[in-house]
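Student: got a sequence here, can you build the structure:
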Amino acid sequence: MTTPGDRRAARLPPVQDGLLVVDKPAGWTSHDVVARSRGICRTRKIGHAGTLDPMATGVLVLGVGRATRLLTHLVGCDKTYTATIRLGQSTVTDDREGEVTSSHDAGGITREQLDAVVATLTGDILQRPSAVSAIKVGGERSYARVRAGEPVELAARPVTVSAFDVVAVAAVQLDAVTRVLDVDVVVSVSSGTYVRALARDLGDALGVGGHLTALRRTRVGRFTLTDAHRLQDLVDAAETGADAPVIPLADAAAAAFPVRRVTREEAVALGHGRRIAREAAPRAGVVAAIGPTGALVALLDESGDTARTAVVFTPAGS
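Tutor: Numbering: from 1, shown residues only. Below is the predicted model:
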């Protein structure tokens, strides 16, 4: 339904290019948030840096306008989550959204046993993604195959779990004979790591099964919940004609990546797609090249002998 606020916003120019950090509410898909944000930012050119399941809440980084070109590099950033893992039940989806497939009494698991298995799931590990992930199998999303009744077994892949901290454990009596353990954790992981797969593997290793009952993303790269805005607050502000609190393009890049200040001559060269001298030792990941006027010139790849452009933002000569 179109509101007077929506009609007023449609007559206003798009907000500036940059990043909008949203605190995604439960029950919304990441695509839902992007679709709603098109009205908030008055542009269709919006994307997101990493999907959150509808059950999950927390930091969802959106690129607006030209900042969509930053998203490929933000997707690869490390992320931090708070989560609750229920030990004693397995589900089809490895989270609370799926049908329970098995139940076991987890009341006998000790904290020492729990910590020992958590330690094996910390560091550089091989992880088998959940079958209901968005990974494509034969050109089709894995979750679509699962929903169609097809058995799917995805190959394990290397991921890094840099932190896996147990902060609380609570026993819950489900029925007369079955107790589960609800384990609150904080995890920091590399891109491509599935927290619900950690829940599944923790439960399997303890012999009782496990699944995820709550998930909140608290960090994407350098962006945290402190930077995030409630979606309803953004909607309410947009209906008054206010601009969304988008982080300007250069500020967003400087917040997300290491910064290199370039001269006007270097900026012109980068605008023409030419390489420039590397500033220091080779380094992995991209570097934000900021010109003398404070504008974002390019994202640079400085992993080789020279610095080359990964993405150019300013036209040559500007």
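Student: so where do the helices sit in the stretch 151-300 of the chain?
Tutor: Remark: helices assigned in the stretch 151-300 of the chain by DSSP state H, counting those that start in this stretch are 195-205, 231-239, 249-256, 264-271.
Student: most packed of these?
Tutor: Comparing the helices of the stretch 151-300 of the chain by mean neighbour count (mean count of other C-beta atoms under 10 Å), helix 195-205 comes out on top with a mean of 23. Glycine gets a C-beta too; all of them are placed from N, C-alpha and C.
Student: elements contacting that one?
Tutor: Counting contacts by 3 or more C-beta pairs under 8 Å, 6 or more residues apart in numbering; DSSP states H and E, helix 195-205 packs against strand 79-87, strand 89-91, helix 111-120, strand 123-127, strand 179-189, strand 210-220.
Student: if we use 6 Å, what do you get?
Tutor: Secondary structure elements in contact with helix 195-205, counted by 3 or more C-beta pairs under 6 Å, 6 or more residues apart in numbering; DSSP states H and E, are strand 79-87, strand 210-220.
Student: of all those strands, which one is nearest Ser191?
Tutor: Nearest to Ser191, of all those, is strand 79-87, at 7.2 Å by C-beta to C-beta.
Student: list the buried residues in that closest one.
Tutor: Buried residues in strand 79-87, defined by neighbour count with 16 or more other C-beta atoms under 10 Å: 79-87.
Student: equivalent analysis for stretch 25-37, please.
Tutor: 25, 28, 30, 33-34, 36-37.
Student: which one of the residues you listed is nearest to Glu140?
Tutor: Ser30 (19.5 Å).
Student: for the closest one, which non-adjacent residue is spatially closest?
Tutor: Thr51 (4.6 Å; C-beta to C-beta, 6 or more residues apart in numbering).
Student: mind giving me the packing neighbours of the longest strand seen in the chain?
Tutor: Of all the segments of type strand in the chain, defined by DSSP state E, the longest one is strand 157-173. Judged by 3+ C-beta pairs under 6 Å, 6+ apart, strand 157-173 is in contact with strand 123-127, strand 179-189.
Student: at 7 Å instead, please
Tutor: For strand 157-173, the elements it packs on are helix 111-120, strand 123-127, strand 179-189, judged by 3 or more C-beta pairs under 7 Å, 6 or more residues apart in numbering; DSSP states H and E.
Student: what's the most buried one of these?
Tutor: strand 179-189 (a mean of 20).
Student: gap between that strand and the chain center?
Tutor: 19 Å (C-alpha atoms, centre = their mean, to the nearest Å).
Student: and it with strand 123-127, angle?
Tutor: 110 degrees (axes from the mean of the first three to the mean of the last three C-alpha atoms, to 10 degrees).
Student: avg pLDDT for strand 179-189?
Tutor: For strand 179-189, mean pLDDT is 97.
Student: from here on, call the first residue 44.
Tutor: Will do, 44 is the new start, and the previous item becomes strand 222-232.
Student: what sits up against it?
Tutor: By C-beta atoms under 7 Å, 6 or more residues apart in numbering, the surrounding residues in contact with strand 222-232 are 121-132, 148-150, 152, 157, 202-217, 238, 241, 256.
Student: what does stretch 281-292 give?
Tutor: With contact meaning C-beta under 7 Å, 6+ apart, stretch 281-292 is reached by 46, 48, 51-52, 55, 58-63, 82-84, 107, 109-110, 272, 277, 298, 339, 356.
Student: looking at these, which are in strands?
Tutor: Among the contacts of stretch 281-292, the members falling in strands (DSSP E) are 61-63, 107, 272, 339.
Student: any idea which of the residues you listed is closest to Asp167?
Tutor: Once C-beta to C-beta is applied, the member of those that ends up nearest Asp167 is Leu62, at 29.7 Å.
Student: what about Gln132, how many neighbours?
Tutor: 21 (other C-beta atoms under 10 Å).
Student: just Thr153 next, same as before
Tutor: 9.
Student: per-residue pLDDT, it?
Tutor: On pLDDT, Thr153 comes in at 96.
Student: do Thr283 as well
Tutor: What the model reports as pLDDT for Thr283 is 92.
Student: wait, Ala126 sits on Ala257?
Tutor: Yes: contact between Ala126 and Ala257 holds when scored by C-beta atoms under 7 Å: they sit 6.1 Å apart.
Student: for Arg307, list the residues it contacts.
Tutor: Taking C-beta under 7 Å, 6+ apart, we find Arg307 in contact with 334-335.
Student: let me redo that: Ala296
Tutor: 113, 331, 339.
Student: how about a cut-off of 8 Å?
Tutor: 113, 302, 331, 333, 339, 342 (C-beta atoms under 8 Å, 6 or more residues apart in numbering).
Student: and the residues you listed as CSV, adding neighbour count and distance to Thr221?
Tutor: Below are the contacts of Ala296 laid out as CSV (neighbours: other C-beta atoms under 10 Å; distance: C-beta to C-beta, whole Å):
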residue, neighbour count, distance to Thr221
Leu113, 27, 48
Val302, 15, 54
Ala331, 25, 53
Ile333, 20, 58
Leu339, 27, 56
Leu342, 23, 53
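Student: having no further points to raise, I will conclude here.
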